[in-house]
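Colleague: Build the 3D model from these lines:
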Amino acid sequence: MSAGQPDTAPVETRNAIDTARLESWMIDHVPGFTGPLQVDQFVGGQSNPTFLLRSGAGNYVLRRRPPGNLLPSAHAVDREHRVLSALHVAGYAVPRPFALCLDETVIGSIFFVMSAVEGRVFWNQQLPDLDRADRRPVFQSLAETLAALHAFDPDALGLSDFGPPGNYYARQIGRWTKQYRLSQSGEVAAFEKLIDWLPGSIPDQTRTTVVHGDFQLHNTILHPTAPRVAAVIDWELSTLGDPLADLSYMLMQWHVSGGRQVGLGGADLDALGIPGQDEMVETYCRAAGRSDAPKLDWHLAYNTFRFACILQGIAGRVREGNAASPRAREAAARAPALAETAWRLAERAGASG
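Modeller: Below is the predicted model:
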């Protein structure tokens, strides 16, 4: 497998798919599809299992809700299909969605099928497989692609009801606190301090846009040869909210290290040819038509807390036996340290305790 090409493997037993039933469904629901069908599973990711479908008509990608006991509101592939459909029609850089299946009897859970975008996926934020000259353009494209998402009017996309009314951060903090409580295993002081401090310190929200919810390098597909984003993937956590939530989630990688993503925290960015956080903010703001990104430390603290809660949810799925990736146990073990990082950012934003 060449650098940047997503790895696939035989479908895991817990995610077994009846290929004949899926092929029959696709003949009826995917325009132009012809068999025979071969199914492999993408390696990586902790959320909705994702599969490469090879067929006589070309390649497709399938995203399904994982089987087993799941946390409330998680793994909403129907929401992914809806936002992809709206953005694809609007000309944004996403795969083309073909069909959504809500009939769980076809493969055992709901799923949707979309186009397979040719390109490269990189998890390592330091991009060791790219030439130094290509790294800065990749990150500039990442920031500009995010700004382009936030330029869409949700009403014009038909997504005015894609998120509940009210303050985005208030409901998100409540949601992730609840998810943490449902999956926690023992008390972690940093989590408790953040849960106490965040709700009372929320900054004013000045804009409401579609937010991706997990906008990072590994959730984009880069052009096969050029240093630019060709498509944005993994929209499971998308909703309506504060665009600074997406910006700060992307910037979180400048504050963390380790893990499969190999964050940029502590890295020699000049030597790598990777822009610093300030340059990323400037690139985003210029493309988004903003003068600044206020109270960024608060937004970074919130998002690092949120990511820690996501990893704690993975820990819960490990205990339940339905985590989507063999790397899940390693990811789950990072949750307490990320909560500590979130609290340090909160202290920079004025928290005490």
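Colleague: all contacts plus neighbour counts: C-alpha atoms, from now on.
Modeller: OK.
Colleague: For the residue sitting nearest the centre point of the chain, give its distance to residue 233.
Modeller: Centroid-nearest residue in the chain: residue 214, 2.9 Å away (criterion: Cα atoms, centre = their mean). Residue 214 is 9 Å from residue 233, where distance means Cα to Cα, to the nearest Å.
Colleague: again with residue 107
Modeller: Counting by Cα to Cα, the gap from residue 107 to residue 233 is 22 Å.
Colleague: likewise residue 271?
Modeller: For residue 271, the distance to residue 233 equals 29 Å [Cα to Cα].
Colleague: So between these two, which is more surrounded?
Modeller: Taking neighbours as other Cα atoms under 10 Å, residue 271 and residue 233 compare with residue 233 leading, 19 against 8.
Colleague: Now for the residue nearest to the centre of the chain: which residues touch it?
Modeller: Residue 214 makes contact with 234, 235, 237, 238, 246, 249, 250, according to Cα atoms under 8 Å, 6 or more residues apart in numbering.
Colleague: Touching, the last one and residue 218? I think so.
Modeller: I take that to be residue 250. No. The pair residue 250 / residue 218 is not scored as a contact, 10.5 Å apart, by Cα atoms under 8 Å.
Colleague: what mean pLDDT does the helix or strand harbouring residue 176 have?
Modeller: Using DSSP states H and E, residue 176 sits within helix 168-183. Mean pLDDT, helix 168-183: 91.
Colleague: and the longest helix belonging to the chain with helix 168-183, angle?
Modeller: Scanning the chain for the helix with the most residues, using DSSP state H, yields helix 296-320. Angle between the axes of helix 296-320 and helix 168-183 is 30 degrees (criterion: axes from the mean of the first three to the mean of the last three Cα atoms, to 10 degrees).
Colleague: Report the buried residues of helix 296-320.
Modeller: 296-318 (16 or more other Cα atoms under 10 Å).
Colleague: for it, packing partners?
Modeller: helix 168-183, helix 243-251, helix 328-332, helix 335-348 (3 or more Cα pairs under 8 Å, 6 or more residues apart in numbering; DSSP states H and E).
Colleague: relative to helix 243-251, how tilted is that helix?
Modeller: 70 degrees.
Colleague: which residues of the chain score low on pLDDT?
Modeller: 1-3, 45-46, 68-75, 259, 318-329, 331-332 (pLDDT under 70).
Colleague: could you pull out the helices for it?
Modeller: Under DSSP H, the chain gives helices at 19-29, 77-90, 132-150, 154-157, 168-183, 189-197, 243-251, 269-272, 277-288, 296-320, 328-332, 335-348.
Colleague: which outside residues touch the last one?
Modeller: With Cα under 8 Å, 6+ apart as the contact definition, helix 335-348 has outside contacts at 188, 190-191, 193-194, 255-256, 297-298, 300-305, 307-309, 311-312.
Colleague: Helix 189-197 and that one, what's the angle between them?
Modeller: 50 degrees.
Colleague: Give the buried residues for helix 335-348.
Modeller: 335, 336, 338, 339, 340, 341, 342, 343, 344, 345, 346.
Colleague: of all these, which comes closest to residue 24?
Modeller: Nearest to residue 24 among the buried residues of helix 335-348 is residue 335, at 41.9 Å by Cα to Cα.
Colleague: so what's the spatially closest residue to that closest one that is not a sequence neighbour up against?
Modeller: Nearest residue to residue 335 in three dimensions, chain neighbours excluded: residue 308, at 4.6 Å (Cα to Cα, 6 or more residues apart in numbering). Neighbouring residues of residue 308 by Cα under 8 Å, 6+ apart: 334, 335, 336, 338, 339.
Colleague: Residue 142 versus the closest residue to residue 27 other than its chain neighbours, what's the distance?
Modeller: The shortest distance from residue 27 to any residue other than its chain neighbours is 5.7 Å, reached at residue 33 (Cα to Cα, 6+ apart). Residue 33 sits 32 Å away from residue 142, going by Cα to Cα.
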